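In: have a look; sequence and predicted model below, questions after that.
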Amino acid sequence: MRKIFIKSLIELNKKKNIYLLINDLGFNVVEPFQKKFPKKMYNAGVSEQNMMGMSAGIASEKNHVFAYSIGNFSTFRCAEQIRNDIDYHNLPVTIVSVGSGLGYGNLGYTHHALQDFALMRSFHNILILSPGNNSEVHGALKYIIKNPQPSYLRLDKDENKSEFRNSSAIKPGKIYKIFNGDKKKIILTTGSVQNIAKKLNKNKYSIYSLPIWGKKTKKKTLNELKKYDKIITIEDHFNDAGFGSWVRECFSNTKYKNTIINKYIDQKVINHVGSKSYLMKKFGPKG
Amino acid sequence: MKQKDLRLLKNIRINILKLSNKAKSSHIGSSLSIVEILYVLYFKILKKKDRFILSKGHAALSLYCTLFEKKILNKKELYSFGHNGTKLMAHVSHKVKGVEFSTGSLGHGLPVAVGKALFFKSKNLNNKVYVLISDGELNEGSTWESLLFACHHSLDNLIIILDNNKIQSMGPVNNIIKLEPIKKKIQAFGASVFKCNGHKIDKIIKIFNIKNKNKPKFIIADTIKGKGVSFMESNNLWHYKNPDDRQLVKAIKEIKIKYA
């Protein structure tokens, strides 16, 4: 999804106040942006804390900053800069993380992003953008560029094979249909687990994607979901404080008694050698 | 020193003492060590288009008292310091008028200042960015990360002031994590380094006015923690303690004599 991200970022940078910061990552991905906007892209070097602090500084001067890195680096390494400098000041920085879930399978534990939702969804202002296909990447970017705010864009490392339609902006908290099936029972995904959902869908439930969500969209999502009797969530993240548990929170303290089932990555320390497909088969969501 | 300078420096210090006593707040030593630096910035140096970040956010009281003398905060606002339900907390907050950025966790201010300076430079704007850091803050890796970046990008619109009061939370800086030789270290990173007495306003002004090209300016301001009150000076106890009523009277009396 990295290439569609950069392509869309260049295309949508109409106001030209978008800055892209990287921390010495993004080889063979970010160069087209740098070529087009040479004074708008900076390599912070291997220093995530500084990159996030600088992003806040640039954003505080009425710019929208995209801070790009691999999932674990742009989140946990600089969590306090995100909390204090970006989220507390409510600054338009979009933290971009590449390699959602087990995307960097072979690179091992240090490069897996299996707890990032837990961290990012705990912040007050951060909106989570978790697109599941190329059109959703474009649509999510369209929304966030039009409505700059603290946000977390979580991308799959692999290029998505889905057909790209020049999509309209995706709305926060709204679910989008991927497969038309059962009217009352659905599978709900976020991020690039749509193919897994299709494979596991033996009972022909409808499949929906929720590409933009977060603390502020719970009410909106509840309204979207309350009409379904059964909701199965699928994610490439641990269950604790992940997407499925967020969906459960949407229903907490309400009168609704919908059945919710969460499918997620096994909550184990994954330190096996393995490609993404191998690790997903072994530890990923199952039927 | 001119009469007006003396009067304002006296007022700032007295308000710091009174508010620390009233709110039972800590960090009085750190607040007293930067009075002259903040005074020079706000009354002699900063232009409207410039930015200032107090990275050592625990010295918020000093900034609030300066903003009061600058008439950015009124007396009612200043004297709400530390009261439940108000905005003037003990670490500097951007929710308060005149404050550029909230800090409190060390090592955050310089990266943010570098981001601002980078933006102004990328747009060929001549705004300057000033940031005041503490010596304890030089323990933070993020401070050095951003200094590397600022020097690499020749951010000569960035002015870093180090409040070199030589005492951090648990004791003397050089007993905890040795920082010296600070000047050589910063020079080796690529900044233009200047040293001055951080309590002499003419010396501070002189260094602020030196033109530097292609390098960030780094000012080591030698200061005394608790400056102005004999029993607080260089005494780590006043990183935590606040003066009781008797100590307050004694401290104010000393300040009134020194800044008469």
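Out: Cool, the structure landed.
In: residues from the stretch 101-250 of chain B in reach of chain A?
Out: Residues of the stretch 101-250 of chain B lying near chain A by CB under 8 Å from any CB of the partner chain: B:101-105, B:107-108, B:110-120, B:122, B:141-142, B:145-146, B:148-149, B:153. Where you see a C-beta, it was placed from the backbone N, CA and C, and this is true even at glycine.
In: now the residues you listed: which count as buried?
Out: Taking 16 or more other CB atoms under 10 Å in any protein chain shown as the criterion, what is buried in those is B:101-105, B:107-108, B:110-120, B:122, B:142, B:145-146, B:148-149, B:153.
In: now the helices: where do they sit in the stretch 101-250 of chain B?
Out: B:109-122, B:141-152, B:173-176, B:182-189, B:201-209, B:245-258 (DSSP state H, counting those that start in this stretch).
In: can you say which of those helices is packed in most?
Out: The highest average neighbour count among those, using mean count of other CB atoms under 10 Å in any protein chain shown, belongs to helix B:109-122 at a mean of 28.
In: what's the angle between it and helix B:141-152?
Out: Angle, helix B:109-122 to helix B:141-152, by axes from the mean of the first three to the mean of the last three CA atoms, to 10 degrees: 20 degrees.
In: alpha carbons only: can I get helix B:109-122 in CSV?
Out: Provided in CSV are the C-alpha atoms of helix B:109-122 (Å, rounded to 0.1, in the frame of the first residue of the first chain):
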residue,chain,number,x,y,z
GLY,B,109,11.0,21.5,23.5
LEU,B,110,14.0,21.4,21.3
PRO,B,111,12.6,19.0,18.6
VAL,B,112,9.5,21.1,18.4
ALA,B,113,11.6,24.3,18.1
VAL,B,114,13.7,22.6,15.4
GLY,B,115,10.5,21.7,13.5
LYS,B,116,9.4,25.4,13.6
ALA,B,117,12.8,26.7,12.5
LEU,B,118,13.0,24.1,9.7
PHE,B,119,9.6,25.3,8.5
PHE,B,120,10.6,29.0,8.5
LYS,B,121,13.8,28.2,6.8
SER,B,122,12.1,26.1,4.1
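In: what packs against it?
Out: helix A:48-59, strand B:51-54, strand B:129-134, helix B:141-152, strand B:158-164 (3 or more CB pairs under 8 Å, 6 or more residues apart in numbering or on different chains; DSSP states H and E).
In: for it, give the mean pLDDT please.
Out: The average pLDDT within helix B:109-122 is 98.
In: in the stretch 151-287 of chain A, which ranges drop under the pLDDT threshold?
Out: The model of the stretch 151-287 of chain A has pLDDT under 70 over residues A:166.
In: quick check: residues of the stretch 51-200 of chain A near chain B?
Out: Taking CB under 8 Å from any CB as the contact definition, the stretch 51-200 of chain A meets chain B at A:52-61, A:63, A:80-81, A:84-85, A:88-89.
In: can you rerun that using 7 Å?
Out: Taking CB under 7 Å from any CB of the partner chain, the part of the stretch 51-200 of chain A that reaches chain B is made up of A:53-58, A:60-61, A:63, A:80-81, A:84-85, A:88-89.
In: still on that earlier bit, what about the helices of the stretch 101-250 of chain B, which gets the closest to B:His239?
Out: Counting by CB to CB, B:His239 lies closest to helix B:173-176 out of these; the figure is 12.2 Å.
In: quick one, what contacts the closest residue to A:Asn239 other than its chain neighbours?
Out: With CB to CB, 6 or more residues apart in numbering or on different chains as the criterion, A:Asn239 has its nearest non-adjacent residue at 4.4 Å, and that residue is A:Tyr264. Contact analysis of A:Tyr264 by CB atoms under 7 Å, 6 or more residues apart in numbering or on different chains lists A:Glu235, A:His237, A:Phe238, A:Asn239, A:Gly242, A:Gly244, A:Pro285.
In: gap between A:Tyr264 and A:Tyr256?
Out: 22 Å (CB to CB, to the nearest Å).
In: one more: A:Tyr143?
Out: Distance from A:Tyr143 to A:Tyr256, by CB to CB: 27 Å.
In: of these two, who's got more company?
Out: Per other CB atoms under 10 Å in any protein chain shown, whichever of A:Tyr143 and A:Tyr256 has more neighbours is A:Tyr143, with 20 against 13.
In: which strand or helix spans that one?
Out: Taking DSSP states H and E as the definition, A:Tyr143 sits inside helix A:134-146.
In: residues contacting the helix or strand that that helix is followed by, please?
Out: Per DSSP H and E, the first helix or strand lying C-terminal to helix A:134-146 is strand A:151-155. Contacting residues not belonging to strand A:151-155 are listed as A:1-2, A:5, A:94-98, A:100, A:116, A:120, A:126-130, A:140, A:144, A:191 [CB under 7 Å, 6+ apart].
In: what's near enough to touch the residue nearest to A:Asp266 when sequence neighbours are not counted?
Out: Spatial nearest neighbour of A:Asp266, excluding adjacent residues (CB to CB, 6+ apart): A:Phe283 at 4.3 Å. By CB under 7 Å, 6+ apart, the residues touching A:Phe283 are A:Ile265, A:Asp266, A:Lys268, A:Ile270.
In: tell me how far the ends of stretch A:211-223 are from each other?
Out: For stretch A:211-223, the first-to-last residue distance is 16 Å (CA to CA, to the nearest Å).
In: repeat for stretch A:208-215
Out: Span of stretch A:208-215 from end to end, CA to CA: 20 Å.
In: buried set for it?
Out: By 16+ other CB under 10 Å, the buried positions in stretch A:208-215 come out as A:Tyr208, A:Ser209, A:Leu210, A:Pro211, A:Ile212, A:Trp213, A:Gly214, A:Lys215.
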